[in-house]
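J.: Quick one: sequence and predicted model below, then my questions.
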Amino acid sequence: MAMKVYGPAASTNVARVLVCLEEVGAEYELVPVDMPSGEHKSPAHVARNPFGQVPAFQNGDLILSESRAISKYILRKGGSDLLRESNLSESAMVDVWLEVEKGHFNSAMSPIIFQTIVVPKFMGGKTDAKIVEENLQKLRTALEIYEARLSKYKYLAGDFVSLADISHFPGAFYLLGGPHASVLDAYPHVKAWIAEVMDRPSVKKVAELMKKPSA
């Protein structure tokens, strides 16, 4: 039975899960959730994700929420080395940088994506330039640290690719395609690292799903 992912591929959190499924070559079904109509707050969906958010994930009787936890489950189930669990020190560094991605990169990118894409394109509103600039500054602060790290190591957790790297893909996808892609120009090591992440076959496949209007 194929695993099910509930939510639109265009969601960064859904895309994070999808890229892990692609990494392990898993069979899965992407089940649409109509966000504009509020389907994510419906009783049926809340039963899968109690916070009424996406994604929700189902594998037989197991139902999970929270994209990074789902991603770890998928990689463990698929026998992937992207968590480096055979090496305690390396797996700890993966966890550290996955937390950094959530707390520093994604926390800055989420309001930027919301203000520059969701508000004008889907809500018919006007971008709040102040919010965007505040979060661009937060992003720059994080990227300075990333630049220093990536000047010493090929990837964030060390000289090996991991979930900590590919978890940045959804936010990076929207950064590269948005009006503030030039922010990366000041960070050549970060820019090269993102380019390598974006070149992974799994990432390319999910990126195409994210571009589809119905995704």
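T.: Cool, got the structure.

J.: Now do the same contact list for the closest residue to Lys102 other than its chain neighbours.
T.: When the adjacent residues along the chain are set aside, Lys102 lies closest to Arg68, with 6.7 Å between them (CB to CB, 6 or more residues apart in numbering). C-beta here means a position set from N, CA and C on the backbone, and glycine is covered the same way. Arg68 makes contacts with Arg16, Leu98, Lys102, Leu163, Ser167, as judged by CB atoms under 8 Å, 6 or more residues apart in numbering.

J.: Please apply the same query to Ile194.
T.: Ile194 sits next to His168, Ala172, Leu176, Leu184 when contact means CB under 8 Å, 6+ apart.

J.: And the strands in the protein?
T.: Assigned by DSSP state E, the chain shows strands spanning 3-6, 28-31, 56-59, 62-65.

J.: was I right about Glu147 contacting Tyr187?
T.: Yes: contact criterion CB atoms under 8 Å: Glu147 and Tyr187 qualify, at 4.4 Å.

J.: Stretch 41-52 - what's its average pLDDT?
T.: On average, the pLDDT along stretch 41-52 is 96.

J.: out of the contacts of Arg68, what pair is the most spread apart?
T.: Lys102 and Leu163 (11.6 Å; CB to CB).

J.: Extract the CA atoms of the lowest-mean-pLDDT helix or strand in the chain and return them as PDB.
T.: One helix or strand of the chain scores below all others by mean pLDDT, DSSP states H and E: helix 119-122, with a mean of 87. Presented in PDB, the C-alpha positions along helix 119-122 are these (Å, rounded to 0.1, in the frame of the first residue of the first chain):
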ATOM      1  CA  VAL A 119      -0.600  37.700  -0.100                       C
ATOM      2  CA  PRO A 120      -0.400  39.300  -3.600                       C
ATOM      3  CA  LYS A 121      -1.200  36.200  -5.700                       C
ATOM      4  CA  PHE A 122      -3.700  34.300  -3.700                       C
END
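
J.: what packs against that helix?
T.: Helix 119-122 is packed against no helix or strand, with contacts defined by 3 or more CB pairs under 8 Å, 6 or more residues apart in numbering; DSSP states H and E.

J.: would you put the C-alpha positions of the helix of greatest length in the chain in CSV?
T.: Determined from DSSP state H, the single longest helix within the chain is helix 129-150. In CSV, the C-alpha atoms belonging to helix 129-150 read as follows (Å, rounded to 0.1, in the frame of the first residue of the first chain):
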residue,chain,number,x,y,z
ALA,A,129,7.6,45.7,2.7
LYS,A,130,8.5,46.2,6.3
ILE,A,131,7.9,42.6,7.2
VAL,A,132,9.8,41.5,4.2
GLU,A,133,12.8,43.7,5.0
GLU,A,134,12.9,42.6,8.7
ASN,A,135,13.0,39.0,7.7
LEU,A,136,15.5,39.5,4.9
GLN,A,137,17.8,40.9,7.6
LYS,A,138,17.2,37.8,9.7
LEU,A,139,18.0,35.7,6.7
ARG,A,140,21.2,37.6,6.0
THR,A,141,22.3,37.1,9.6
ALA,A,142,21.7,33.4,9.2
LEU,A,143,23.4,33.3,5.9
GLU,A,144,26.6,34.8,7.3
ILE,A,145,26.8,31.9,9.7
TYR,A,146,26.1,29.5,6.8
GLU,A,147,28.8,31.1,4.7
ALA,A,148,31.4,30.6,7.5
ARG,A,149,30.3,27.0,7.9
LEU,A,150,30.3,26.2,4.2
